[in-house]
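Asker: Show me the folded form of this:
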Amino acid sequence: TITNDQELKEALQVLSPEQHRVLGARFVQSISRLVRDERVQNSIAIALRDDATPEELEDAFKVAKSHVAKSYTECGRDTEWLAACAIAGALTPEALLTEKENRAWTAAAKARMAVNCEMVVADSPVGELSEAQRQYDITADFLAERA
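Answerer: Numbers count the residues shown, from 1 in each chain. Next up, the predicted model:
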């Protein structure tokens, strides 16, 4: 079980870059309700696939980045912008990652920010679990599947 961010980060250290992408996409999938754009939803679906081709991943990343730029300027769309940032983070090509960056952690952080934004807009808590706890559970399930 994973109960805090330190344990989550330790769990992420043993994953491959491809596993970071898929796990990051699972984090985004849990907040996909915040994304109205069909093309971004498709990017999430591609990022979730173990068998996605490099071309599909590159196209999905470009779609997500394009939506990040588009939704950033649209007033009142902060949750969707952050969710698009999360999937773009999960899909970031290896060549664009710094040594300390991690696709899964980037997606997790942006997904949490999107949910926090949603709670502010709704002026109430959203759901029973915190997004962090949901991510701990998602990661534990992911690791169990791959064991």
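
Asker: For Ser30, the count of nearby residues, please.
Answerer: 18 (other CB atoms under 10 Å). No exception for glycine: its C-beta is placed from N, CA and C like everyone else's.

Asker: Verify the stated contact: it with Ala132.
Answerer: No - if you go by CB atoms under 8 Å, Ser30 and Ala132 don't touch, sitting 11.3 Å apart.

Asker: give me the element Asp137 is part of.
Answerer: Using DSSP states H and E, Asp137 falls within helix 131-146.

Asker: Name the residues of that helix that are buried.
Answerer: Using 16 or more other CB atoms under 10 Å as the test for burial, helix 131-146 gives 131-132, 134-136, 138-140, 142-143.

Asker: Adding distance to Glu118 and pLDDT, write the residues you listed out as CSV.
Answerer: Formatted as CSV, the buried residues of helix 131-146 follow (distance: CB to CB, whole Å; pLDDT from 0 to 100):
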residue, distance to Glu118, pLDDT
Glu131, 10, 93
Ala132, 14, 95
Arg134, 13, 95
Gln135, 15, 97
Tyr136, 19, 97
Ile138, 18, 98
Thr139, 21, 98
Ala140, 24, 97
Phe142, 24, 97
Leu143, 27, 96
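
Asker: Now for the residue of the chain most remote from its centre: which residues touch it?
Answerer: No residue in the chain sits farther from the centre than Asp123, which is 23.4 Å out by CA atoms, centre = their mean. If you count contacts by CB atoms under 8 Å, 6 or more residues apart in numbering, Asp123 has none.
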